[in-house]
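A.B. asks: Kindly return the folded structure for what I paste below:
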Amino acid sequence: MQTTVKKTIHMTGAGLHSGAPARLQISPASAEYGIWFRRSDVTDRDNMIPARYDAVNDTQLCTRIANEAGVEVSTIEHLMAALAGTGIHNALIDIDGPEVPIMDGSAAPFVAEILRVGVQALNAPIRAIRVLKPVHVTFDDVEVSLSPADNLEIDFEIDFDAAAIGRQEKTLNMANGSFVRELSNCRTFVRRKDVDYLQSLGLARGGSLENAIVVDENLVLNPEGFRREDECVRHKMLDALGDLYLAGAPILGAYKGKRAGHKATNLILRALFAQPDAWEMIECSQDISHDLPGADISAADFVQ
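C.D. replies: Numbering: from 1, shown residues only. As a prediction, the model looks like this:
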């Protein structure tokens with residue numbers, strides 16, 4: 001069955017890139033509603049923005065969506081990952097600014113609140129997007145693909161010149177709460193030299209060691225270090241799940257990313273939907289529903 005949150009969730013925090021504070025509210029929604037953002041501070045034009053791949057208008061530093069009236073919300077990927085990973089299919093997200101709060105740099109604060117209020121079943125079947133044939137996108141040194149699989153699998157490889165990160169690769173079957181247990185608390189990361197450059201351009205104004213891992217060559221500047229030895233590649237997988245959820249439904253397929261990011265994941269969704277014979281929308285049986293990322297989870301699965 002489709003789901004929504006049982007109660008309204010209220011959260012506040014600053015944006016990573018703008019540094020501006022914002023109030024966020026995740027409210028229950030009816031079956032077939034989907035995920036929508038509403039800019040509550042915009043009152044002179046359409047302020048509703050669909051959480052969909054074809055509403056994405058920027059992927060340089062984060063994922064940003066916009067509607068036809070030019071109203072935008074950015075840095076949505078961690079919240080979208082939390083919704084996907086806890087199996088929330090329908091929700092209205094009100095926000096009084098242009099950027100989702102970065103919180104601690106992971107999806108954990110969102111996951112914790114969703115699990116705290118609980119998940120409400122709705123009287124409608126879950127629909128999923130089944131990948132029928134391989135789709136590939138390459139550009140520069142980036143490779144990304146979607147291939148047929150029984151449920152969602154994510155395979156990711158990163159390779160950074162900073163020795164503290166280096167080359168990392170991980171594969172996870174996302175069924176039965178893997179996201180909540182294995183990925184949700186993994187934080188965004190950045191090299192110190194990139195922080196200096198971004199801040200010189202007036203970006204990353206809300207960034208700090210409280211909401212991102214910062215590395216300087218072989219050093220991790222955060223006093224607590226990594227939460228997991230391979231936290232960086234795990235965070236990239238978290239981002240991928242959030243960006244994939246902009247398909248508008250759970251995906252049944254194998255995602256493989258090599259040096260990929262927000263742009264690559266958006267491009268692979270556009271490539272998939274541009275080929276009608278590469279996918280189909282199905283009504284999930286009980287067995288398929290059981291293997292979706294947010295199925296059969298509880299607060300006991302969550303490690304903050």
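
A.B. asks: Which other helices and strands does the host helix or strand of Arg38 contact?
C.D. replies: For Arg38, the host element (DSSP states H and E) is strand 35-39. Counting by 3 or more C-beta pairs under 8 Å, 6 or more residues apart in numbering; DSSP states H and E, the packing neighbours recorded for strand 35-39 are strand 48-50, strand 91-95. Any C-beta I mention is one placed from the backbone N, CA and C, and that applies to glycine too.

A.B. asks: which one of these is the most hemmed in?
C.D. replies: Burial of the helices and strands packed on strand 35-39 is given as mean neighbour count (mean count of other C-beta atoms under 10 Å); strand 91-95 ranks first at a mean of 22.

A.B. asks: what's the angle from the strand holding Arg38 to strand 91-95?
C.D. replies: Compare the direction of strand 35-39 with that of strand 91-95 by axes from the mean of the first three to the mean of the last three C-alpha atoms, to 10 degrees and you get 20 degrees.

A.B. asks: would you say Gly105 is within a strand?
C.D. replies: No: using DSSP: H, G, I helix; E, B strand; the rest coil, the secondary structure at Gly105 is coil, not a strand.

A.B. asks: want to throw the helices and strands packed on strand 35-39 into JSON lines with mean pLDDT?
C.D. replies: Output for the helices and strands packed on strand 35-39, formatted as JSON lines (pLDDT from 0 to 100):
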{"stretch": "strand 48-50", "mean pLDDT": "98"}
{"stretch": "strand 91-95", "mean pLDDT": "98"}
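
A.B. asks: follow-up on the earlier one: in the sheet, which strands lie alongside the strand holding Arg38, parallel or antiparallel?
C.D. replies: Strand 35-39 has its sheet partners listed here by DSSP bridges as strand 48-50 (antiparallel), strand 91-95 (parallel).

A.B. asks: and of these, who's closest to Thr3?
C.D. replies: With C-beta to C-beta, the closest approach to Thr3 among the strands paired with strand 35-39 belongs to strand 91-95: 9.3 Å.

A.B. asks: Any chance you could list what contacts that closest one?
C.D. replies: Strand 91-95 is contacted by residues 4-5, 22-29, 33, 35-40, 51, 73, 79, 83 when judged by C-beta atoms under 8 Å, 6 or more residues apart in numbering.

A.B. asks: Can you say which of those are buried?
C.D. replies: Buried residues within these, counting neighbours by 16 or more other C-beta atoms under 10 Å: 4-5, 22, 24-29, 33, 35-39, 51, 73, 79, 83.

A.B. asks: In three-state terms, label the most centrally placed residue in the chain for me.
C.D. replies: Note on the chain: the residue nearest the mean C-alpha position is Gly242, at 2.0 Å, using C-alpha atoms, centre = their mean. Reduced to three states with three-state DSSP, the structure at Gly242 is helix.

A.B. asks: Return the residues in contact with it.
C.D. replies: Contacts for Gly242 (C-beta under 8 Å, 6+ apart) come out as Thr63, Ile76, Glu77, His78, Leu79, Met80, Ala81, Ala82, Ala84, Ala107.

A.B. asks: My read is that Arg228 contacts Cys186, right?
C.D. replies: Yes: using C-beta atoms under 8 Å, Arg228 and Cys186 qualify as a contacting pair, with a distance of 6.4 Å.

A.B. asks: Could you pull out the residues contacting both of the two?
C.D. replies: Any residue near both Arg228 and Cys186 by C-beta under 8 Å, 6+ apart counts here, and that gives Arg234.

A.B. asks: Who has more neighbours out of these two?
C.D. replies: More neighbours surround Cys186 than the other of Arg228 and Cys186, with 25 against 15 (other C-beta atoms under 10 Å).

A.B. asks: A helix includes that one, no?
C.D. replies: No: checked against three-state DSSP, Cys186 lies outside a helix; its state is coil.
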